[in-house]
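# Dropping the sequence and predicted coords here.
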Amino acid sequence: DAKTTQPPSMDCAEGRAANLPCNHSTISGNEYVYWYRQIHSQGPQYIIHGLKNNETNEMASLIITEDRKSSTLILPHATLRDTAVYYCIVRVVGSGGYQKVTFGTGTKLQVIP
Amino acid sequence: DSGVTQTPKHLITATGQRVTLRCSPRSGDLSVYWYQQSLDQGLQFLIQYYNGEERAKGNILERFSAQQFPDLHSELNLSSLELGDSALYFCASSASGLGNQPQHFGDGTRLSIL
């Protein structure tokens, strides 16, 4: 699986949009981009994933650049409960999909009142 | 609630001992993953099973072993425990184990080695 690069930390004001970037410049055409978050020491929580197109669900939006080398997770109205470490990972799809999963160090998002 | 159940939640033991961590995947999920997270560290992938068979291996120590049973629950066995094995151990499950489906994580087992 390709490696990802994320800023170590970010701050966001409560109620504002949080935009978390991720660089995955070596991504292959058959790799999905996934976002997870981990609040304190709880189990990581799945947020969203996508291949090429932008995606939106009840939690967030995922914007993937046309060349697929980077993506942005958008939390539209951040709350204090969104304070967490956010992980961006990529995973290959298809017969070669059984490969080890690599989580980086993530971005520690602090939502400020 | 992710639907993934891990037991026990906490485990305290001594060096040299052996422990077994248990994971029940979400209903319908065939693949199980194990991760280790040491204090202030990221998630380290250990191993993945799909429908009872090992599918991918990460940096899992030889002292550690895992298996997935016919009822799809999985166990992670840790032996000859060392102080450095103290960590959170997470289990995750997904429907097929391929990269186009998300993993859902349990709440983890906190292992403390004294």
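That came in fine, so what should we check first? Numbers count the residues shown, from 1 in each chain, chains lettered A, B, ... in the order given.
# Can you report phi and psi for B:L83?
When quoted as degrees, to the nearest 10, the phi and psi of B:L83 stand at phi -60, psi -40.
# Nearest spatial neighbour of it, chain-adjacent residues omitted?
B:I113 (5.2 Å; C-beta to C-beta, 6 or more residues apart in numbering or on different chains). Glycine gets a C-beta too; all of them are placed from N, C-alpha and C.
# What does the pLDDT read for that neighbour?
For B:I113, the model assigns a pLDDT of 96.
# likewise A:Y98?
Predicted confidence (pLDDT) for A:Y98: 66.
# do A:G94 as well
pLDDT recorded at A:G94 is 61.
# Next, count neighbours for the residue nearest to B:L83.
For B:I113, the neighbour count with other C-beta atoms under 10 Å in any protein chain shown is 19.
# correct me, but it touches B:T13?
Yes: in this structure B:I113 lies within contact range of B:T13 using C-beta atoms under 8 Å: 6.3 Å.
# which residues are common contacts for those two?
B:L81 (C-beta atoms under 8 Å, 6 or more residues apart in numbering or on different chains).
# any idea how far B:S93 lies from B:G3?
8 Å (C-beta to C-beta, to the nearest Å).
# Just the buried residues of stretch B:18-32, please?
Neighbour counts over stretch B:18-32 (16 or more other C-beta atoms under 10 Å in any protein chain shown) mark B:19, B:21, B:23-26, B:29-32 as buried.
# Contacts only, for the residue nearest to B:L83.
Counted by C-beta under 8 Å, 6+ apart, B:I113 has contacts B:13-15, B:81-86.
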